[in-house]
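Colleague: generate a structure from the sequence data that follows.
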Amino acid sequence: MNDKKIILASNNAHKIEEIKDIFSEYEILSLKDIGFFEDIEENGKTFLDNAFIKAKTVHDYLKTKNIEAIVLADDSGLCVDALNGEPGVFSARYASNHGDSVENRKKLLHNLKNIKERTAHFVCILVKMYPNGEWVSAEGKTFGEITKEELGDKSFGYDCIFYSYDLNKTFGQATKDEKNSISHRSRALSKIKL
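Modeller: Numbers count the residues shown, from 1 in each chain. Okay, here's the model as predicted:
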């Protein structure tokens, strides 16, 4: 087994790039890189459920190919206090279509239209699964609030409407390095100890 090779249970380009930046000493392979093209149904009730489902599915696929490698899976999302934690596990498909960031932001801003208390946090749960099926998990959070308008780069998720208390700007206004230094994913990754 190559301890420096990690299979990331994702084809999300932003996520892969962020993890490659944080763990530059590892060879990070995506699902596409290993020839996995199935849709993984994320039907768990929690971030941990979904991260585990992804890790186990990819782990089982690797076994059929006789590939021994560590699998890293994450599930993450935005939780808004005034909306009882919404969008939560439905962050990527909040407005219906999976990954439609523009519609997701539009729905969230609409749901917060007359709400003054706009505190929120991003959460990331990571599951690292070893070739023998043993696994560990870690959680990372980063805190802020939802702005009333989009500020900065609008290309990724909720970043342009999440004002980070750590950075005093939205994630959309932050550089890649600034965001990576305090993001929910980097905080979870620092705990998972690859």
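Colleague: go ahead and confirm Thr119 touches Phe143.
Modeller: Yes - between Thr119 and Phe143 a contact is recorded at 7.5 Å, counting by C-beta atoms under 8 Å. Yep, even glycine has a C-beta here, placed from its N, CA and C like the rest.
Colleague: nearest spatial neighbour of Ile34, skipping sequence neighbours?
Modeller: Excluding its sequence neighbours, the residue lying closest to Ile34 (C-beta to C-beta, 6 or more residues apart in numbering) is Ile7, at 6.0 Å.
Colleague: can you count the residues close to that neighbour?
Modeller: 25 (other C-beta atoms under 10 Å).
Colleague: please report how far it lies from Lys148.
Modeller: 40 Å (C-beta to C-beta, to the nearest Å).
Colleague: what sits against Ser91?
Modeller: In this structure, Ser91 makes contact with Ser76, Gly77, Leu78, Asn104, Gly157, Tyr158, judged by C-beta atoms under 8 Å, 6 or more residues apart in numbering.
Colleague: just among the residues you listed, which is most surrounded?
Modeller: Leu78 (28 neighbours).
Colleague: CA atoms of the helix or strand in which that residue is found as CSV?
Modeller: Secondary-structure assignment from DSSP states H and E places Leu78 in strand 70-80. What follows is strand 70-80 as a C-alpha-only set of coordinates in CSV (Å, rounded to 0.1, in the frame of the first residue of the first chain):
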residue,chain,number,x,y,z
ILE,A,70,-6.8,5.0,1.9
VAL,A,71,-10.1,6.6,1.1
LEU,A,72,-10.9,10.1,2.2
ALA,A,73,-14.5,11.3,2.0
ASP,A,74,-16.1,14.5,3.3
ASP,A,75,-19.6,15.9,3.6
SER,A,76,-19.9,19.5,4.3
GLY,A,77,-22.4,22.3,4.3
LEU,A,78,-23.7,25.6,5.6
CYS,A,79,-25.8,25.8,8.7
VAL,A,80,-27.8,29.0,9.4
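Colleague: can you spell out which helices and strands pack onto that strand?
Modeller: strand 5-8, helix 47-64, strand 119-129, helix 184-192 (3 or more C-beta pairs under 8 Å, 6 or more residues apart in numbering; DSSP states H and E).
Colleague: just checking: what are the partner strands of the first one?
Modeller: Yep, that's strand 5-8 we're talking about. strand 27-29 (parallel), strand 70-80 (parallel) (DSSP bridges).
Colleague: beyond it, next helix or strand please.
Modeller: From strand 5-8, the next helix or strand downstream (DSSP H and E) is helix 13-22.
Colleague: what angle separates that next one from strand 119-129?
Modeller: Interaxial angle, helix 13-22 versus strand 119-129 (axes from the mean of the first three to the mean of the last three C-alpha atoms, to 10 degrees): 70 degrees.
Colleague: give me the contact list for the helix or strand of the chain with the lowest mean pLDDT.
Modeller: Every helix and strand in the chain was compared by mean pLDDT, DSSP states H and E; the lowest is helix 13-22, with a mean of 83. Applying C-beta under 8 Å, 6+ apart, the contact partners of helix 13-22 are 8, 10, 28, 30, 72, 74, 156-157, 176, 180, 183, 185-186, 189.
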